[in-house]
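I'd like to go over a predicted model; first the sequence, then the structure.
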Amino acid sequence: MCRIKMKNKKLIVFDMDGVLIDVSRSYRETVRQTARLFFSIAPSSEKLPDPLFPLADLAAVKQRGGLNNDWDLSCLVINLLFNQIEKPPVYRSKDPWAQYEETVSQCHVGALGDFLRSTAKPLTAMLQKAGKTKNAFIYGLYSGDVGSGNIIKQIFQEVYLGKDLFESTYGQPPKFYQYDGLIHREALLIDKGLLDELAAEHVLAIATGRPRAEADYPLAHFGIRKYFTRVMALEDCLEKEKQVLKAEGRKVSLSKPHPYMLDAIATDINIPVAEYFYVGDMPDDMLAAKKSAAGYKGIGVLISTPDRAHLTVNLLKAGAYAVLEDVDQLRSLIGSEKA
(Lines give C-alpha, C1' and ligand atoms only; values in the text may rest on other atoms or scores of the structure.)
Protein backbone atom coordinates (compact mmCIF):
# COMPACT_ATOMS: atom_id res chain seq x y z
CA MET A 1 0.00 0.00 0.00
CA CYS A 2 2.74 2.47 0.93
CA ARG A 3 4.76 1.49 -2.10
CA ILE A 4 1.79 2.23 -4.39
CA LYS A 5 1.30 5.69 -2.87
CA MET A 6 4.97 6.58 -3.25
CA LYS A 7 4.91 5.37 -6.85
CA ASN A 8 1.92 7.54 -7.71
CA LYS A 9 2.90 10.65 -5.75
CA LYS A 10 2.98 13.76 -7.91
CA LEU A 11 4.67 17.15 -7.59
CA ILE A 12 2.11 19.88 -8.25
CA VAL A 13 3.56 23.38 -8.50
CA PHE A 14 1.18 26.36 -8.56
CA ASP A 15 1.56 29.86 -9.89
CA MET A 16 -0.09 32.33 -7.51
CA ASP A 17 -1.77 35.09 -9.50
CA GLY A 18 -4.92 33.96 -11.29
CA VAL A 19 -4.55 30.43 -9.90
CA LEU A 20 -4.42 30.57 -6.12
CA ILE A 21 -5.14 34.27 -5.69
CA ASP A 22 -7.63 36.50 -7.54
CA VAL A 23 -5.66 39.58 -8.59
CA SER A 24 -8.26 41.10 -10.91
CA ARG A 25 -8.96 43.85 -8.37
CA SER A 26 -5.38 44.17 -7.11
CA TYR A 27 -2.49 43.72 -9.54
CA ARG A 28 -4.52 44.43 -12.69
CA GLU A 29 -6.15 47.51 -11.19
CA THR A 30 -2.75 48.59 -9.85
CA VAL A 31 -1.38 48.62 -13.41
CA ARG A 32 -4.25 50.84 -14.49
CA GLN A 33 -3.86 53.24 -11.57
CA THR A 34 -0.09 53.35 -12.03
CA ALA A 35 -0.57 54.58 -15.60
CA ARG A 36 -3.11 57.18 -14.49
CA LEU A 37 -0.88 58.49 -11.69
CA PHE A 38 2.11 58.65 -14.02
CA PHE A 39 0.26 61.12 -16.26
CA SER A 40 -1.49 62.94 -13.42
CA ILE A 41 0.98 65.86 -13.59
CA ALA A 42 0.31 66.43 -17.30
CA PRO A 43 -1.81 69.39 -18.41
CA SER A 44 -5.41 68.35 -19.12
CA SER A 45 -4.93 65.05 -17.28
CA GLU A 46 -8.50 65.50 -16.05
CA LYS A 47 -9.59 64.81 -19.65
CA LEU A 48 -8.32 61.24 -19.45
CA PRO A 49 -11.15 58.70 -19.08
CA ASP A 50 -11.82 57.07 -15.74
CA PRO A 51 -11.23 54.17 -15.78
CA LEU A 52 -8.31 54.75 -18.10
CA PHE A 53 -8.83 51.58 -20.18
CA PRO A 54 -10.76 48.29 -19.82
CA LEU A 55 -9.13 45.59 -17.71
CA ALA A 56 -10.15 43.05 -20.35
CA ASP A 57 -7.93 44.92 -22.82
CA LEU A 58 -5.07 44.86 -20.31
CA ALA A 59 -5.53 41.11 -19.84
CA ALA A 60 -5.33 40.60 -23.60
CA VAL A 61 -2.02 42.48 -23.73
CA LYS A 62 -0.56 40.40 -20.91
CA GLN A 63 -1.66 37.14 -22.53
CA ARG A 64 0.65 37.90 -25.44
CA GLY A 65 3.51 36.87 -23.15
CA GLY A 66 7.07 38.11 -22.78
CA LEU A 67 6.36 40.09 -19.62
CA ASN A 68 8.04 38.80 -16.48
CA ASN A 69 5.76 40.61 -14.03
CA ASP A 70 3.21 43.41 -13.65
CA TRP A 71 5.97 46.00 -13.26
CA ASP A 72 7.01 45.13 -16.82
CA LEU A 73 3.36 45.30 -17.87
CA SER A 74 2.97 48.74 -16.28
CA CYS A 75 6.03 50.03 -18.09
CA LEU A 76 4.78 48.66 -21.40
CA VAL A 77 1.36 50.28 -20.92
CA ILE A 78 2.87 53.67 -20.00
CA ASN A 79 5.21 53.36 -22.98
CA LEU A 80 2.25 52.74 -25.31
CA LEU A 81 0.35 55.72 -23.89
CA PHE A 82 3.37 58.03 -24.01
CA ASN A 83 4.03 57.17 -27.66
CA GLN A 84 0.44 58.15 -28.46
CA ILE A 85 0.71 61.76 -27.27
CA GLU A 86 2.27 64.92 -28.65
CA LYS A 87 5.16 65.54 -26.33
CA PRO A 88 7.90 68.12 -25.84
CA PRO A 89 11.62 67.33 -25.96
CA VAL A 90 12.73 65.22 -23.03
CA TYR A 91 14.21 67.26 -20.18
CA ARG A 92 17.79 66.11 -19.63
CA SER A 93 18.85 65.54 -16.05
CA LYS A 94 20.77 62.98 -14.03
CA ASP A 95 17.94 63.16 -11.50
CA PRO A 96 15.16 60.83 -12.79
CA TRP A 97 12.52 62.62 -10.71
CA ALA A 98 13.41 65.99 -12.24
CA GLN A 99 13.46 64.43 -15.70
CA TYR A 100 10.04 62.87 -15.14
CA GLU A 101 8.41 65.99 -13.68
CA GLU A 102 9.81 68.46 -16.19
CA THR A 103 8.95 66.27 -19.20
CA VAL A 104 5.52 64.87 -18.31
CA SER A 105 4.30 68.22 -16.95
CA GLN A 106 4.68 69.54 -20.52
CA CYS A 107 2.78 66.68 -22.16
CA HIS A 108 -0.72 67.44 -23.42
CA VAL A 109 -2.92 64.36 -23.08
CA GLY A 110 -6.26 65.59 -24.41
CA ALA A 111 -5.93 63.71 -27.72
CA LEU A 112 -4.86 60.60 -25.84
CA GLY A 113 -8.06 60.80 -23.81
CA ASP A 114 -10.11 61.00 -27.02
CA PHE A 115 -8.35 57.94 -28.42
CA LEU A 116 -8.83 55.91 -25.24
CA ARG A 117 -12.57 56.61 -25.43
CA SER A 118 -12.79 55.72 -29.14
CA THR A 119 -12.34 51.95 -28.85
CA ALA A 120 -12.96 49.11 -26.41
CA LYS A 121 -9.41 47.85 -26.93
CA PRO A 122 -7.11 50.89 -27.04
CA LEU A 123 -4.04 49.10 -25.64
CA THR A 124 -4.38 46.29 -28.16
CA ALA A 125 -4.74 48.83 -30.97
CA MET A 126 -1.63 50.72 -29.87
CA LEU A 127 0.35 47.50 -29.49
CA GLN A 128 -0.65 46.31 -32.95
CA LYS A 129 0.37 49.65 -34.43
CA ALA A 130 3.66 50.27 -32.65
CA GLY A 131 4.58 46.88 -31.20
CA LYS A 132 6.80 46.85 -28.14
CA THR A 133 9.10 49.61 -29.40
CA LYS A 134 10.75 51.05 -26.30
CA ASN A 135 10.83 54.78 -25.71
CA ALA A 136 14.20 55.60 -24.13
CA PHE A 137 12.70 58.19 -21.78
CA ILE A 138 10.04 55.84 -20.39
CA TYR A 139 12.35 52.88 -19.97
CA GLY A 140 14.92 55.17 -18.38
CA LEU A 141 12.34 55.75 -15.63
CA TYR A 142 12.07 51.98 -15.20
CA SER A 143 15.69 51.45 -14.27
CA GLY A 144 17.00 50.52 -10.84
CA ASP A 145 14.67 49.99 -7.91
CA VAL A 146 12.30 51.86 -5.62
CA GLY A 147 14.28 54.66 -4.02
CA SER A 148 16.97 54.65 -6.71
CA GLY A 149 15.12 56.16 -9.65
CA ASN A 150 12.64 53.49 -10.78
CA ILE A 151 9.64 55.80 -10.83
CA ILE A 152 7.25 53.39 -12.56
CA LYS A 153 7.96 50.60 -10.09
CA GLN A 154 7.63 53.04 -7.19
CA ILE A 155 4.19 54.22 -8.28
CA PHE A 156 3.10 50.60 -8.72
CA GLN A 157 4.36 49.57 -5.30
CA GLU A 158 2.72 52.55 -3.60
CA VAL A 159 -0.67 51.67 -5.09
CA TYR A 160 -0.40 47.94 -4.53
CA LEU A 161 1.00 48.00 -0.99
CA GLY A 162 -0.68 51.18 0.27
CA LYS A 163 0.76 53.91 2.44
CA ASP A 164 1.62 51.96 5.59
CA LEU A 165 2.91 48.75 3.99
CA PHE A 166 4.93 50.69 1.42
CA GLU A 167 6.61 52.74 4.12
CA SER A 168 7.39 49.69 6.27
CA THR A 169 8.76 47.81 3.24
CA TYR A 170 10.91 50.55 1.72
CA GLY A 171 11.62 52.82 4.68
CA GLN A 172 10.34 55.93 2.95
CA PRO A 173 6.97 57.66 2.61
CA PRO A 174 5.00 57.33 -0.64
CA LYS A 175 5.04 60.22 -3.12
CA PHE A 176 1.91 59.49 -5.15
CA TYR A 177 -0.56 57.35 -3.20
CA GLN A 178 -1.71 57.86 0.38
CA TYR A 179 -4.47 55.26 0.72
CA ASP A 180 -4.96 51.59 1.58
CA GLY A 181 -3.20 49.28 -0.85
CA LEU A 182 -5.00 47.19 -3.44
CA ILE A 183 -3.29 44.12 -2.00
CA HIS A 184 -6.18 44.05 0.48
CA ARG A 185 -8.64 43.45 -2.38
CA GLU A 186 -7.23 40.02 -3.19
CA ALA A 187 -9.34 36.90 -2.73
CA LEU A 188 -8.66 33.17 -2.57
CA LEU A 189 -9.50 31.30 -5.77
CA ILE A 190 -8.83 27.72 -4.70
CA ASP A 191 -10.92 25.73 -2.26
CA LYS A 192 -9.04 24.80 0.92
CA GLY A 193 -10.72 21.40 0.81
CA LEU A 194 -9.00 20.73 -2.50
CA LEU A 195 -5.65 21.74 -1.02
CA ASP A 196 -6.29 19.38 1.90
CA GLU A 197 -6.93 16.50 -0.50
CA LEU A 198 -3.98 17.21 -2.77
CA ALA A 199 -1.48 17.84 0.05
CA ALA A 200 -2.48 14.58 1.74
CA GLU A 201 -1.38 12.52 -1.27
CA HIS A 202 1.00 14.66 -3.30
CA VAL A 203 3.76 17.27 -2.91
CA LEU A 204 2.64 20.87 -3.44
CA ALA A 205 4.84 23.91 -4.14
CA ILE A 206 4.64 27.44 -5.54
CA ALA A 207 6.66 29.17 -8.28
CA THR A 208 5.69 32.83 -8.54
CA GLY A 209 7.10 36.03 -9.98
CA ARG A 210 5.96 37.92 -6.87
CA PRO A 211 8.53 39.37 -4.50
CA ARG A 212 8.85 37.26 -1.36
CA ALA A 213 6.94 39.65 0.93
CA GLU A 214 4.07 39.91 -1.54
CA ALA A 215 3.87 36.13 -1.79
CA ASP A 216 4.03 35.59 1.97
CA TYR A 217 1.28 38.10 2.75
CA PRO A 218 -1.69 36.36 1.03
CA LEU A 219 -0.40 32.89 1.94
CA ALA A 220 -0.50 33.89 5.60
CA HIS A 221 -3.67 35.98 5.29
CA PHE A 222 -5.66 33.13 3.74
CA GLY A 223 -4.03 30.46 5.90
CA ILE A 224 -2.68 28.28 3.07
CA ARG A 225 1.12 28.43 3.54
CA LYS A 226 1.06 25.10 5.41
CA TYR A 227 0.12 23.19 2.26
CA PHE A 228 3.27 24.03 0.29
CA THR A 229 6.61 22.29 0.76
CA ARG A 230 8.50 24.96 -1.18
CA VAL A 231 7.73 28.54 -2.25
CA MET A 232 10.01 30.12 -4.85
CA ALA A 233 9.66 33.85 -5.50
CA LEU A 234 11.31 36.65 -7.47
CA GLU A 235 14.29 36.92 -5.12
CA ASP A 236 15.24 33.29 -5.80
CA CYS A 237 15.61 34.08 -9.50
CA LEU A 238 17.53 37.30 -8.85
CA GLU A 239 19.98 35.59 -6.49
CA LYS A 240 20.69 32.82 -9.00
CA GLU A 241 21.14 35.40 -11.76
CA LYS A 242 23.79 37.12 -9.61
CA GLN A 243 25.56 33.80 -9.08
CA VAL A 244 25.62 33.10 -12.83
CA LEU A 245 26.97 36.58 -13.56
CA LYS A 246 29.71 36.20 -10.97
CA ALA A 247 30.70 32.68 -12.02
CA GLU A 248 30.30 32.93 -15.78
CA GLY A 249 30.34 36.65 -16.54
CA ARG A 250 27.03 36.62 -18.38
CA LYS A 251 23.63 38.12 -17.68
CA VAL A 252 20.63 35.80 -17.74
CA SER A 253 16.95 36.18 -16.95
CA LEU A 254 15.62 33.23 -14.96
CA SER A 255 12.07 34.51 -14.56
CA LYS A 256 9.31 32.74 -16.47
CA PRO A 257 9.15 31.53 -19.19
CA HIS A 258 12.56 30.24 -18.10
CA PRO A 259 12.05 26.94 -16.24
CA TYR A 260 14.60 27.69 -13.49
CA MET A 261 12.12 27.82 -10.61
CA LEU A 262 10.36 24.63 -11.68
CA ASP A 263 13.54 22.62 -12.04
CA ALA A 264 14.96 24.01 -8.80
CA ILE A 265 11.83 22.87 -6.93
CA ALA A 266 12.02 19.42 -8.53
CA THR A 267 15.62 19.11 -7.33
CA ASP A 268 15.14 20.65 -3.89
CA ILE A 269 12.18 18.60 -2.64
CA ASN A 270 14.26 15.39 -2.58
CA ILE A 271 11.09 13.26 -2.66
CA PRO A 272 10.49 10.60 -5.34
CA VAL A 273 7.54 11.58 -7.52
CA ALA A 274 5.99 9.96 -10.58
CA GLU A 275 4.84 13.09 -12.43
CA TYR A 276 5.40 16.84 -12.43
CA PHE A 277 2.66 19.43 -13.00
CA TYR A 278 2.71 23.23 -13.16
CA VAL A 279 -0.62 25.01 -12.81
CA GLY A 280 -0.66 28.52 -14.31
CA ASP A 281 -2.88 31.00 -16.11
CA MET A 282 -0.55 32.50 -18.71
CA PRO A 283 1.22 31.20 -21.85
CA ASP A 284 4.61 31.91 -20.22
CA ASP A 285 3.67 29.44 -17.46
CA MET A 286 3.04 26.75 -20.06
CA LEU A 287 6.31 27.55 -21.83
CA ALA A 288 8.22 27.20 -18.55
CA ALA A 289 6.69 23.76 -18.01
CA LYS A 290 7.43 22.72 -21.59
CA LYS A 291 11.08 23.81 -21.32
CA SER A 292 11.70 22.16 -17.94
CA ALA A 293 14.31 19.45 -17.62
CA ALA A 294 12.10 17.61 -15.13
CA GLY A 295 9.35 17.22 -17.73
CA TYR A 296 6.53 19.21 -16.15
CA LYS A 297 3.08 19.08 -17.68
CA GLY A 298 1.57 22.55 -17.91
CA ILE A 299 -2.03 22.91 -16.77
CA GLY A 300 -3.72 26.15 -17.76
CA VAL A 301 -6.64 27.58 -15.81
CA LEU A 302 -9.13 30.12 -17.14
CA ILE A 303 -10.85 31.33 -13.99
CA SER A 304 -9.26 34.79 -14.00
CA THR A 305 -9.83 35.83 -17.62
CA PRO A 306 -12.91 37.38 -19.27
CA ASP A 307 -11.93 35.99 -22.70
CA ARG A 308 -11.62 32.28 -22.09
CA ALA A 309 -11.71 31.20 -25.72
CA HIS A 310 -8.75 33.43 -26.67
CA LEU A 311 -6.69 32.40 -23.66
CA THR A 312 -7.41 28.72 -24.29
CA VAL A 313 -5.92 29.02 -27.77
CA ASN A 314 -2.83 30.80 -26.42
CA LEU A 315 -2.31 28.29 -23.60
CA LEU A 316 -2.53 25.35 -25.99
CA LYS A 317 -0.16 27.04 -28.44
CA ALA A 318 2.32 27.44 -25.60
CA GLY A 319 2.22 23.70 -24.91
CA ALA A 320 -0.46 23.21 -22.25
CA TYR A 321 -1.11 19.58 -21.36
CA ALA A 322 -4.65 20.50 -20.29
CA VAL A 323 -6.77 23.64 -19.92
CA LEU A 324 -9.30 23.83 -17.09
CA GLU A 325 -12.25 26.18 -16.61
CA ASP A 326 -11.64 26.20 -12.86
CA VAL A 327 -8.74 25.17 -10.63
CA ASP A 328 -11.09 22.84 -8.70
CA GLN A 329 -11.11 20.58 -11.77
CA LEU A 330 -7.66 19.43 -10.67
CA ARG A 331 -9.53 16.84 -8.59
CA SER A 332 -10.50 14.87 -11.67
CA LEU A 333 -7.37 15.60 -13.70
CA ILE A 334 -4.75 14.72 -11.08
CA GLY A 335 -6.84 11.95 -9.59
CA SER A 336 -7.03 10.48 -6.13
CA GLU A 337 -5.03 7.61 -4.68
CA LYS A 338 -7.24 6.36 -1.91
CA ALA A 339 -7.06 2.79 -3.12
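Okay, I see it.

When you work out contacts or count neighbours from here on, use the C-alpha atoms and nothing else.
Fine.

How about the residue nearest to the spatial centre of the chain, nearest residue that isn't a chain neighbour?
Among the residues of the chain, N69 comes closest to the average C-alpha position under C-alpha atoms, centre = their mean, at 3.7 Å. Nearest non-adjacent residue to N69, counting by C-alpha to C-alpha, 6 or more residues apart in numbering: G209, 6.3 Å away.

Per-residue confidence, G131, what does it come out as?
As predicted, G131 sits at a pLDDT of 74.

still on that earlier bit, wouldn't the residue nearest to the centre of the chain be in contact with P211 here?
No. Under the criterion of C-alpha atoms under 8 Å, N69 makes no contact with P211, lying 10.0 Å away.

just checking, what packs against the helix or strand harbouring L262?
Assigned by DSSP states H and E, L262 belongs to helix 260-268. When contacts are defined as 3 or more C-alpha pairs under 8 Å, 6 or more residues apart in numbering; DSSP states H and E, helix 260-268 packs onto strand 203-207, strand 230-232, helix 234-248.

picking up where we left off before, my read is the residue nearest to N69 is in a strand, agree?
No. Checked against DSSP: H, G, I helix; E, B strand; the rest coil, G209 lies outside a strand; its state is coil.

Now do the helix or strand that the helix holding L262 is followed by: everything it contacts.
The element immediately downstream of helix 260-268 (helix or strand, assigned by DSSP H and E) is strand 275-280. Residues outside strand 275-280 that contact it (C-alpha atoms under 8 Å, 6 or more residues apart in numbering): 8-16, 18-19, 262, 285-286, 289, 294-301.

Also stretch 178-191?
With C-alpha under 8 Å, 6+ apart, stretch 178-191 has contacts from 18-27, 29-30, 158-165, 218, 222, 327-328.

Buried subset of those residues as a ChimeraX selection?
In ChimeraX, this line selects whichever of the contacts of stretch 178-191 come out buried by 16 or more other C-alpha atoms under 10 Å:
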select :18,19,20,21,22,23,24,26,27,29,30,158,159,160,161,162,163,164,165,218,327,328
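
Which ones among the contacts of stretch 178-191 map onto strands?
I21, D22 (DSSP state E).

ranges for the strands of the stretch 51-200 of the chain?
187-188 (DSSP state E, counting those that start in this stretch).

how close does C75 get to L311?
Applying C-alpha to C-alpha, to the nearest Å, the value for C75 to L311 is 22 Å.

Alright, that wraps it up for me.
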